[in-house]
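[1] I'd like to go over a predicted model; first the sequence, then the structure.
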Amino acid sequence: MAIIRIKNLLLRAYIGFKEEELANRQDVIINMVIDVDHDNATKNDAIDGSYNYRTITKQVISLVQDKQFKMLEKLTQSILDEIMANKNVRFAKVEVDKPHALRFAESVSIELEASRYNPKNCR
């Protein structure tokens, strides 16, 4: 098991439903935690069969920059779905912050997670 953490990925996204939000990209900060089977990378120092965090980061960048989202929840779920599409991912958690979304708050965030763990096998 290997935990990959991609921290503070700063992107610009069309996020929101107000007229100004639909017309202008806004900052979002994305944090991802991805649990993958990394035996080939850790034991053999080999790229083949390992999970490429650069690839998923590029996919997330493309997703966020190419689409428009009304809700932060939908954006977060779309990123999580993109990560979980890789069958080597056992667990993922995504948090998306929207800085300055509220007047007196630094940011608002949504955190979602998904797992392929079988609860019957966990202790």
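    Now that the structure is in, tell me what you want to look at.
[2] surely residue 96 meets residue 30?
    Yes - using Cβ atoms under 8 Å, residue 96 is in contact with residue 30, at 5.3 Å. C-beta coordinates here come from the backbone N, C-alpha and C atoms, glycine included.
[3] who's more crowded, the two?
    With neighbours defined as other Cβ atoms under 10 Å, residue 96 and residue 30 compare such that residue 96 has more, 29 against 23.
[4] Who are the contact partners of that one?
    If a contact means Cβ atoms under 8 Å, 6 or more residues apart in numbering, then residue 96 has 28-30, 72, 75-76, 79, 109-110 as its contacts.
[5] among those residues, which are in strands?
    If you go by DSSP state E, the contacts of residue 96 have 28-30, 109-110 in strands.
[6] can you tell me which two in the residues you listed are farthest apart?
    Based on Cβ to Cβ, the longest span within the ones in strands among the contacts of residue 96 runs between 29 and 110 and measures 11.7 Å.
[7] For this structure, which segments count as strands?
    All strands of the chain, identified by DSSP E, fall at 2-15, 26-36, 68-69, 89-99, 107-115.
[8] Mean pLDDT for these - can I get that in a markdown table?
    Below are the strands of the chain laid out as a markdown table (pLDDT from 0 to 100):
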| stretch | mean pLDDT |
| --- | --- |
| strand 2-15 | 93 |
| strand 26-36 | 95 |
| strand 68-69 | 91 |
| strand 89-99 | 96 |
| strand 107-115 | 95 |
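[9] Ok, which of those comes nearest residue 61?
    Among these, the nearest to residue 61 by Cβ to Cβ is strand 2-15 (6.2 Å).
[10] Can you name the residues in contact with that closest one?
    21-22, 24-38, 41-42, 51, 53, 56-57, 60-61, 64-65, 67-70, 72, 75, 98.
[11] Only the buried residues of stretch 97-116, if you could.
    For stretch 97-116, the neighbour count (16 or more other Cβ atoms under 10 Å) marks 97-98, 101, 109-110 as buried.
[12] rewinding a little: quickly list what's touching both of residue 96 and residue 30.
    residue 79.
[13] which ones are touching residue 53?
    Shown in contact with residue 53 (Cβ under 8 Å, 6+ apart): 4, 6, 34.
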